[in-house]
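Chemist: give me a model of this one.
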Amino acid sequence: MIAWAAALMLAVLGAVQAHHMGPPSEQAVAAAELRDLGIAAEDLCGTFGADGGFH
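Modeler: Got it, this is the predicted structure:
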């Protein structure tokens, strides 16, 4: 039973580690590009309540 649990744990941890070593998603790349350019969400959308409503 212990060997089976250890094998299952190694398989799960291997899959998680492989997922983290893969390339980032397109959304993560786009967010990193905006962050590197110094653009914040407020620059794109404005501040909440600035015009009395939603944009």
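
Chemist: let's verify residue 39: helix, strand, or coil?
Modeler: At residue 39, secondary structure determined by DSSP: H, G, I helix; E, B strand; the rest coil is coil.

Chemist: how about the helices in this protein?
Modeler: Assigned by DSSP state H, the chain shows helices spanning 2-21, 26-37, 41-45.

Chemist: which of those has the lowest mean pLDDT?
Modeler: Per-segment mean pLDDT for these reaches its minimum on helix 41-45, at a mean of 70.

Chemist: can you list the helices of the chain in a markdown table and add mean neighbour count?
Modeler: Any C-beta I mention is one placed from the backbone N, CA and C, and that applies to glycine too. Conversion of those to a markdown table gives the following (neighbours: other CB atoms under 10 Å):
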| stretch | mean neighbour count |
| --- | --- |
| helix 2-21 | 9 |
| helix 26-37 | 10 |
| helix 41-45 | 10 |
